[in-house]
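**Student:** my questions concern the predicted model and sequence given below.
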Amino acid sequence: MPDRILTTHVGSLIRPPKLIEYWRAIEAGKPYAAAGFEACLTESVAEVVRQQSEAGIDIVSDGEFSKGANWAFYVHKRLTGIAVRPATPEEVKDPLSSMGGGRDHQAFSEFYAEYDAATGLGKRLGNRVLVNGPITYSSQQVLRDIGNLKAGVSRTKDKHPGLAAFLPVVAPASALPGAKIEHYKDEETFLFALADALHLEYKAIVDAGLYVQIDDAFLPYMHERMVPPMSNADYRRWAQLRIDALNHALKGIPEARSRYHICWGSWNGPHAFDVPLKDIIDLVLQVRVGHYSFEAANPRHAHEWRVWEAVKLAPGKILIPGVISHATNIVEHPELVAERIVRLARIVGRDNVIGGTDCGFAQSPFARRVHPTIMWAKLKALAEGARIATQTLWGKHAAARQNLPLVGEMKL
């Protein structure tokens, strides 16, 4: 175990303008120079790896630069057997069949009318996914993504030899939410077929020596859409089936090389109806991974560190709490970052905490949460806060060995 607090983040970073231009053409179905796009993607990943490393991030990603639609629906282009059509008026009203908003959208309809138009999210809220054939998976794109990320790390490792890397990919619950199943006999058969397909993506990543991160915003978010009118027991049955499918997808994936990230949709809106972490933590901890990443910095979830006073973390498991938020332009003070890390480390153990972010800074190439300069300032504050926390948790001698700044020790 390293004698310091490591740093990472959730994965998605703001894309450079040239890459966004390519993605606009690709997503709009317009002509583009394929070779130019691939060259731009490769170089952009190498550059963002270098920037993360220089900001002080220990476990870096490709910024999700290779994903077009968004963090989850990128996978639609890697699967067969699916189609998308507009939802019917009846489906829009059904919490399980459309991409429409839940209670937050109802309670703050005036806000969301402006927000969805400004972010472009409103364009996909009325879609319905169809599963109209057998689901199969193509690994061609993930192999490209793996190659780009490993090449970027290789170019950076001379200056940062301890650098590690992860690729974020989607969970079964979030890959095809609200899908209308036309090909499979029931929901369980469909979900496990989807899990078999996603397993190939997970396995390719860990076989390449990277960490795999499974992103699952829809697992917590669907509670806000389902309850009411449905019951909490209905939601838990819905969620349990998807946890079981995820564990099926993770079969044979080393826990030490895997991470599970949850959030509550993570847009910068009210989130007044998010299900409390304490109500779903038993479901989350069923997922057979070695790392759990979750929101812990924003005003809606920052208080939930107390959950870990009552919940026992299994041996060998590591928490990746968000100690900076992606959803506000305020740059966290490093001492606040350190306070959040130290507080949790003193509950679950200093070796069981990695400093992270609440969520990604750009949920698609076109929807960013903050300005790029603020994103990098936040990641640097994360790294500086981790250095302060290291000094507090391991002492000044550990700080001196790593050439860390000797600052006033925190008193908690």
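**Tutor:** Arrived safely, thanks for sending. The structure displayed is predicted, hence computed values, not measured ones.
**Student:** quickly find the element holding the closest residue to Pro16 other than its chain neighbours.
**Tutor:** Nearest non-adjacent residue to Pro16, counting by C-beta to C-beta, 6 or more residues apart in numbering: Ser44, 5.4 Å away. C-beta here means a position set from N, CA and C on the backbone, and glycine is covered the same way. Here Ser44 is covered by helix 34-55, with elements defined by DSSP states H and E.
**Student:** and after that helix, which helix or strand comes next?
**Tutor:** The helix or strand immediately downstream of helix 34-55 is strand 59-60, counting by DSSP H and E.
**Student:** parallel or antiparallel, list what pairs with the following helix or strand past that following strand.
**Tutor:** Once the chain leaves strand 59-60, the next helix or strand it forms, by DSSP H and E, is strand 82-86. Each strand that pairs with strand 82-86, with its direction, by DSSP bridges: strand 127-131 (antiparallel).
**Student:** the next helix or strand after the partner strand vs helix 34-55, what angle?
**Tutor:** Downstream of strand 127-131, the first helix or strand assigned by DSSP H and E is helix 140-156. Interaxial angle of helix 140-156 relative to helix 34-55 (axes from the mean of the first three to the mean of the last three C-alpha atoms, to 10 degrees): 50 degrees.
**Student:** pLDDT score assigned to the residue nearest to Pro16?
**Tutor:** Here, the pLDDT recorded for Ser44 equals 98.
**Student:** near it, how many other residues are there?
**Tutor:** Residue neighbour count, defined by other C-beta atoms under 10 Å, stands at 21 for Ser44.
**Student:** contacts only, for it.
**Tutor:** Arg15, Pro16, Lys18, Leu19, Gly63, Phe65 (C-beta atoms under 8 Å, 6 or more residues apart in numbering).
**Student:** which one of the residues you listed sits closest to Asp274?
**Tutor:** Here the nearest of those to Asp274, counting by C-beta to C-beta, is Gly63; it sits at 26.2 Å.
**Student:** who are the contact partners of that closest one?
**Tutor:** Gly11, Ser12, Leu13, Ile14, Arg15, Ser44, Val45, Val48.
**Student:** excluding its backbone neighbours, what's nearest the last one?
**Tutor:** This points to Val48. Once flanking residues are discounted, Val48 sits nearest to Gly63: 4.4 Å by C-beta to C-beta, 6+ apart.
**Student:** got a pLDDT number for the one you found?
**Tutor:** In this prediction, Gly63 carries a pLDDT score of 98.
**Student:** before we move on, what about Glu90?
**Tutor:** So, for Glu90, pLDDT stands at 81.
**Student:** in a helix, it, correct?
**Tutor:** Yes - counting by DSSP: H, G, I helix; E, B strand; the rest coil, Glu90 is located in a helix.
**Student:** tally of neighbours for it?
**Tutor:** 9.
**Student:** try Ile26
**Tutor:** If you count neighbours by other C-beta under 10 Å, Ile26 ends up with 17.
**Student:** packing partners of the helix or strand where it lies?
**Tutor:** Ile26 belongs to helix 17-27 when assigned by DSSP H and E. If contacts are counted by 3 or more C-beta pairs under 8 Å, 6 or more residues apart in numbering; DSSP states H and E, helix 17-27 sits against helix 34-55.
**Student:** quick one: the helix it packs on to helix 17-27, angle?
**Tutor:** Here helix 34-55 runs at an angle of 140 degrees relative to helix 17-27 (the same axes, to 10 degrees).
**Student:** renumber starting at 324 from here on
**Tutor:** With the count now opening at 324, the last piece we talked about shows up as helix 357-378.
**Student:** what comes up buried for helix 357-378?
**Tutor:** Residues of helix 357-378 classed as buried: 360, 363-376, 378 (neighbour count, 16 or more other C-beta atoms under 10 Å).
**Student:** rewinding a little: off-centre distance for the helix holding Ile349?
**Tutor:** Here helix 340-350 is found 22 Å from its chain centre; the criterion is C-alpha atoms, centre = their mean, to the nearest Å.
**Student:** buried sites along it?
**Tutor:** By 16+ other C-beta under 10 Å, the buried positions in helix 340-350 come out as Leu342, Ile343, Tyr345, Trp346, Ile349.
**Student:** surely Glu703 forms part of a helix?
**Tutor:** Careful, residue 703 is Lys; it's not Glu. Yes - Lys703 forms part of a helix when assessed by three-state DSSP.
**Student:** now Pro644. Its backbone dihedrals?
**Tutor:** Backbone torsions of Pro644, given as degrees, to the nearest 10, read phi -70, psi 150.
**Student:** got a list of what it touches?
**Tutor:** Taking C-beta under 8 Å, 6+ apart as the criterion, Pro644 is in contact with Ser616, Phe617, Ala619, Ala620, Trp628, Arg663, Ile664, Leu667, Val676, Gly678, Gly679.
**Student:** switch the cut-off to 10 Å
**Tutor:** 615-620, 624-625, 627-628, 631, 663-664, 666-668, 671, 676-681 (C-beta atoms under 10 Å, 6 or more residues apart in numbering).
**Student:** where strands are concerned, which of the residues you listed count?
**Tutor:** Tyr615, Ser616, Phe617, Gly679, Thr680 (DSSP state E).
**Student:** what bridges to the last one?
**Tutor:** Beta bridges link Thr680 to Ile647, judged by DSSP bridges.
**Student:** that one against Ser616, yeah?
**Tutor:** Yes - between Thr680 and Ser616 there is a contact at 8.6 Å, judged by C-beta atoms under 10 Å.
**Student:** between the two, which contacts overlap?
**Tutor:** Joint contacts of Thr680 and Ser616 (C-beta under 10 Å, 6+ apart) are Thr331, His332, Val333, Gly334, His584, Ile643, Pro644, Gly645.
**Student:** distance to Glu414, pLDDT and secondary structure for those - can I get that in a markdown table?
**Tutor:** Output for those, formatted as a markdown table (distance: C-beta to C-beta, whole Å; pLDDT from 0 to 100; DSSP: H, G, I helix; E, B strand; the rest coil):
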| residue | distance to Glu414 | pLDDT | secondary structure |
| --- | --- | --- | --- |
| Thr331 | 38 | 98 | coil |
| His332 | 35 | 98 | coil |
| Val333 | 30 | 98 | coil |
| Gly334 | 31 | 97 | coil |
| His584 | 28 | 98 | strand |
| Ile643 | 36 | 98 | strand |
| Pro644 | 37 | 98 | strand |
| Gly645 | 33 | 98 | strand |
